[in-house]
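Student: pasting a predicted model and its sequence here:
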Amino acid sequence: MGDTKAELLIKRYASRRLYNTETSDYVTLEDIAGFIRDGREVKIVDLKSGDDLTRQYLLQIVAEHESRGESVLPIGVLTDLVRSYTTQAHSVVPDFLAMSFEMLRDGQSKMVENMAAINPVAQMPGFEAMRAQQEAFMKAMTGGIAGQWSGPGEEDTGEAAGSSDDDSELAKIKAQLAELQSKLSKL
């Protein structure tokens with residue numbers, strides 16, 4: 001498949017068939033989900049208009065998994081997403097979700113790093129593939145928006161200063177999340 005970091009361009013024809021420009025063949029939604037799970041960035045465009053259809057197709061992939069009984073998102077999250085489209089909260093919800101997924105991904109990455117340092121299981125064949133799959137899942141779930149967050153970066157968090165600074169940063173993040181949750185519940 002080549003470089004897994006290069007964006008894979010998928011073109012949608014008027015017949016609604018999806019064409020992989022890299023391998024010159026038609027693909028299904030399940031194929032696209034597989035590319036994403038493998039860590040590929042995917043962009044889906046309409047051949048005639050050039051419109052970016054990526055978000056629409058990613059939502060369709062999630063909907064298909066839900067229709068097969070695979071619970072991708074809790075009902076409460078889905079309900080809140082629907083509400084966000086009918087209220088003024090639409091500008092807060094994407095940022096909140098992006099921050100939440102970024103925090104989850106960072107926490108999971110740190111946990112995996114800690115496991116690798118103290119756990120011999122982390123040295124077993126296949127562990128690295130499992131970690132890569134987890135990263136691809138998080139990237140797919142955030143739709144790439146987590147990397148666009150403009151909040152404090154690692155250099156701003158005081159990570160090198162010690163655990164008291166880490167606790168302080170954690171408290172600040174918890175306070176920010178509580179504030180966002182409060183705003184959402186008021187809406």
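Tutor: Here it is on my side, so go on.
Student: could you use CA atoms for every contact and neighbour count after this?
Tutor: Will do.
Student: which parts of this structure are strands?
Tutor: Using DSSP state E, the strands of the chain run over residues 8-12, 18-20, 25-27, 42-46.
Student: redo the ones you listed as TSV? Include distance to residue 178 and mean pLDDT.
Tutor: What follows is these, written out as TSV (distance: least, C-alpha to C-alpha, whole Å; pLDDT from 0 to 100):
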stretch	distance to residue 178	mean pLDDT
strand 8-12	38	95
strand 18-20	42	95
strand 25-27	43	95
strand 42-46	34	96
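Student: can you list those strands in JSON lines and add distance to residue 86 and mean neighbour count?
Tutor: Listed next are these as JSON lines, based on distance: least, C-alpha to C-alpha, whole Å; neighbours: other C-alpha atoms under 10 Å:
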{"stretch": "strand 8-12", "distance to residue 86": "30", "mean neighbour count": "21"}
{"stretch": "strand 18-20", "distance to residue 86": "31", "mean neighbour count": "20"}
{"stretch": "strand 25-27", "distance to residue 86": "34", "mean neighbour count": "13"}
{"stretch": "strand 42-46", "distance to residue 86": "27", "mean neighbour count": "19"}
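Student: would you format these as CSV with distance to residue 78 included?
Tutor: Listed next are the strands of the chain as CSV, based on distance: least, C-alpha to C-alpha, whole Å:
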stretch, distance to residue 78
strand 8-12, 27
strand 18-20, 27
strand 25-27, 28
strand 42-46, 24
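Student: which of those strands sits closest to residue 180?
Tutor: Relative to residue 180, the nearest member of those by C-alpha to C-alpha is strand 42-46, separated by 30.6 Å.
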